[in-house]
Every structure is written in structure tokens, then in C-alpha cells.
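**Q** the following block contains a protein sequence and its predicted model.
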Amino acid sequence: MEEAVEGCVALLRTATGADWRGPDWEKATAGRLEWSCRYTAEHIAGDLIAYAGQLAGRAQNAYFPFDITFDDGTDNSGVLEVIWTTGALLAAAIRTTPREVRAFHPYPFRSANREGFAAMGTAEVLLHTHDIAEGLGLTYQPDPELAEFVLTRIFPQVRPGASPWLTLLWATGRGDLPGRDPVTDWRWHNNLVHDTDRLTLQGITPASATDLIGGGDGGFEWIEGGPYTGTREAATFLLKAYQSGVHRPEFGVFTLVRREDGRAVGGLGFHGVPDEEGRVEVGYDLAAGARGQGYATEALRALSAWALARDDVRTVFATIERDNLASQAVVTRAGFRKVSEDEVEGEFAYELRRPE
């Protein structure tokens, strides 16, 4: 976040002052936008302060009703000072906001955590600096790691490419990529979170999945013994889907986080998107210290109810080894019924259907 702001201000500062002989910021159009370069720069500052306000104020239902205005006579150098300052305010809000806090953002799931706001703020700075640079005739090439940070957190539906920066430009309708159709309509995706009485089911991003696969914690604080093997394996499948461009985050993997202390206790997720018959498979695991307390049943009930309320899901099913009595008890308590048995593989199939 701070690196993105620093790069923005450093570049645009070269287009200010008495020595600047390039286009007028007020008259030049910012890239493919309909805005002037001046208005786009002011927009960057407005977004940064708005995001900082959402996090700091813990907004839950809407944007806080305030906006940023500039004093009469503020020149372009002054606008850059405001971008620098609002960027510092957002960075401070991100650093001081607890991980479990979520604040309102309208698309697509009505909230974001601090990492989501960091990614959104970085995206606003990168993309609109690009727009302004195009309008002013400047060359802008940010660190590709910044673009990758954005893509792996709020663009999980976008297949990664050889260049993260060019991929981000394509994904936001600002450029072309060989073999991909032009983008004319786009939105970013913060992670989906489902709430239960004792848990939050927090969608795992491609960035979190990558860390889990590498032996990390995925950005979560786990109880002892977590994350368990199944969660890491599920992260592998999620990342493969992301790299193939077929990942749908709402049918991804969720970390089960206790409300009482913000610690992760297990994982739960889908094995893919629903098939043509509306069937979708689910799997789960818990760290040893969280077993026997009903967490898996509670989470499975919530996720299954959410899935079956959708038009594209008719059946949620689970495949469980014959000897795994604990897991069989979980699905039974969640309302699933046994529908088949594979003698060769030694597995039972359980399913929960949408009421007719």
C-alpha cells in the first residue's frame, strides 16, 4: 500500500512545477476514463480516505457520509501531498485494525477485512496512476509484486498471466492479453464470509492458499495442531483452479474461525462448482484440539443452507470413509442421509437435498 503511494507520488511529481511542459492536468483525459487527470488524482485521495474511514470507524451498513474537498487554489503538487497523506492514513488504519474486523464495502459480499482494504487501496493507486500517466504522456511501470498482491486477494476469478501488471490492466479493461477477450465490465471480489453462532467461515484467497501450501498459516492464527492436512490439501485444489481460471470463490475453501478468540480451528469447503445436475461436494477437517465440540456440524449446516438457497445447487453431498465414524456423525447431525456405499473403495456417500 505505502509502496504504491510512494511510486504514484514520485512519478506524478515529475509532472508538476514551473518546468512541466506537458499536458494540462485539467484538460488532459486520464487514459480510457472520461475524467481529467486532475479529477482522477483527486479521486485517488478520496478513495484512500474513504477506505481509511471505513476501517477506522468499523462501518457495517454503508459508506460513512463524508467526502474530501480541496482548498481553493490547491495546485497539482498540493493534490499529491493529499494523496501521500491519505495513503498514510489508510496504511495506519490497516496496521491497527484487528484481523477479524470487517467493514462495509458494497461489492460483492458487502464487507472486507484489512487485507481486502489494503488490496483495494493498492488497486486504486496503481490503476489510476496508470490512467493519469497515459493522459500526461508519462511512463509508469509499478513493481509486479504490487499487482500480484492485488490479483491474489481481490481478483480470485482472474487466471494469472506471465505479467501480473499486464494481467491486472487487462482484468480492469485497460489493456489486452493474447488469447483473452477484451474486458468491458469488471468488479473485484473480496472474500466471502459466512457467520454462525460461534464461528465465522472466512473464504480463503489465492494468496492464503499459496501460503498454506508452503507450510504457512494462510494469514490466520490457528489453535495448536492447525491447520490440519485436509485444509492444506484443499488449498492445493483451490490454487490449481485459480491458476486454470476456473476458480469461483463462493465455491472455494473456508477457514473456520472462532468468534470468542479469533483463532482458526479447521477448514470447510467445496470440491468444485456445482455440476449440471446441481450437485456439489463438500469436505471438512478440524484441528485435533477443536474436535468433539460441534464446530464442524455448525459450519456444515451453515454452508449447506447457503448453497441450497442458490438456484444452481440442488444437492450437497459428502464422501466419507467407512471407518471415519466421527465424520459420519457430523454429516448426520447436519441433516445429511446416507445414499450409497462403495464396497471397493470402502466409502459412504451422504447427501442433503433442497426441499422440493
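**A** Looks like it arrived, so ask away.

**Q** what about Gly218, distance to Ser208?
**A** Note on Gly218: its distance to Ser208, by Cβ to Cβ, to the nearest Å, is 4 Å. Using the backbone N, CA and C atoms, a C-beta is placed for each residue, glycine as well.

**Q** mutual contacts of these two, please.
**A** With contacts defined as Cβ atoms under 8 Å, 6 or more residues apart in numbering, the residues shared by Gly218 and Ser208 are Ala235, Thr255.

**Q** what about the stretch 251-356 of the chain, any weak spots by pLDDT?
**A** Low-confidence regions of the stretch 251-356 of the chain, defined by pLDDT under 70, span residues 343-344.

**Q** strands of that one, residue ranges please.
**A** According to DSSP state E, counting those that start in this stretch, the stretch 251-356 of the chain carries its strands in the segments 253-258, 264-270, 279-286, 315-321, 337-342, 347-353.

**Q** export those strands to CSV and append columns for mean neighbour count and distance to Gly73.
**A** Written out in CSV, the entries for the strands of the stretch 251-356 of the chain read as follows (neighbours: other Cβ atoms under 10 Å; distance: least, Cβ to Cβ, whole Å):
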stretch, mean neighbour count, distance to Gly73
strand 253-258, 26, 50
strand 264-270, 26, 52
strand 279-286, 22, 59
strand 315-321, 20, 62
strand 337-342, 12, 72
strand 347-353, 19, 65
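
**Q** nearest to Ala119, out of these?
**A** Among the strands of the stretch 251-356 of the chain, strand 253-258 comes nearest to Ala119, with 17.7 Å by Cβ to Cβ.

**Q** alpha carbons of that closest one, as CSV, please.
**A** Once non-C-alpha atoms are left out, strand 253-258 reads as follows in CSV (Å, rounded to 0.1, in the frame of the first residue of the first chain):
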residue,chain,number,x,y,z
VAL,A,253,-12.5,-23.2,0.8
PHE,A,254,-13.3,-21.5,4.1
THR,A,255,-11.3,-21.3,7.3
LEU,A,256,-13.4,-21.8,10.5
VAL,A,257,-12.6,-19.1,12.9
ARG,A,258,-13.9,-19.0,16.5
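
**Q** how about residues contacting stretch 54-69?
**A** 42, 45-46, 49-50, 53, 82, 86, 90, 93-94, 97, 101, 103-105, 111, 114, 117.

**Q** which of the residues you listed are buried?
**A** 42, 45-46, 49-50, 53, 82, 86, 90, 93-94, 97, 103-105, 111, 114, 117 (16 or more other Cβ atoms under 10 Å).

**Q** and those residues, which of them are in strands?
**A** When the buried ones among the contacts of stretch 54-69 are checked against strands (DSSP state E), there are no matches.

**Q** so who does the closest residue to Asp285 other than its chain neighbours touch?
**A** Excluding its sequence neighbours, the residue lying closest to Asp285 (Cβ to Cβ, 6 or more residues apart in numbering) is Gly230, at 3.4 Å. For Gly230, the contacting residues are Gly267, Gly283, Tyr284, Asp285, by Cβ under 8 Å, 6+ apart.

**Q** reformat these as a markdown table; add distance to Pro23.
**A** Listed next are those as a markdown table, based on distance: Cβ to Cβ, whole Å:
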| residue | distance to Pro23 |
| --- | --- |
| Gly267 | 52 |
| Gly283 | 56 |
| Tyr284 | 57 |
| Asp285 | 58 |
